[in-house]
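**Student:** All I have is the shape, not the residue letters:
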């Protein structure tokens, strides 16, 4: 079963660090980390050692009004 994970952290872009918050769907936390690395790598050419994940938690479901 797929779960939603929310990750917060930063990545190095040129000489500065940029913050991000990203939500991905994955089977496990390990898979969510791998997916984030893949996404940021393809979108921003970020390599693993230029990526810092400060927090990773299962995202809370938002309830409708």
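**Tutor:** Thanks, I have the structure now. A quick note: this is a predicted structure, and the numbers were derived from the prediction, not measured.

**Student:** Tell me, please, where in this protein the pLDDT is lower than the cut-off.
**Tutor:** Applying pLDDT under 70 to the chain flags the ranges 62-65.

**Student:** The chain: helices as residue ranges?
**Tutor:** 29-44 (DSSP state H).

**Student:** show me where it has strands.
**Tutor:** Ranges of strands in the chain, per DSSP state E, are 3-13, 16-26, 51-58.

**Student:** and the residue nearest to residue 6 when sequence neighbours are not counted, what does it touch?
**Tutor:** Computed as CB to CB, 6 or more residues apart in numbering, the closest residue to residue 6 that is not its neighbour in sequence is residue 59, at 4.4 Å. Yep, even glycine has a C-beta here, placed from its N, CA and C like the rest. Neighbour list for residue 59: 3-6, 23 [criterion: CB atoms under 8 Å, 6 or more residues apart in numbering].

**Student:** quick one on the thing from earlier: same list (the strands of the chain) but as TSV, adding mean neighbour count and distance to residue 37.
**Tutor:** Below are these laid out as TSV (neighbours: other CB atoms under 10 Å; distance: least, CB to CB, whole Å):
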stretch	mean neighbour count	distance to residue 37
strand 3-13	16	10
strand 16-26	13	11
strand 51-58	13	6
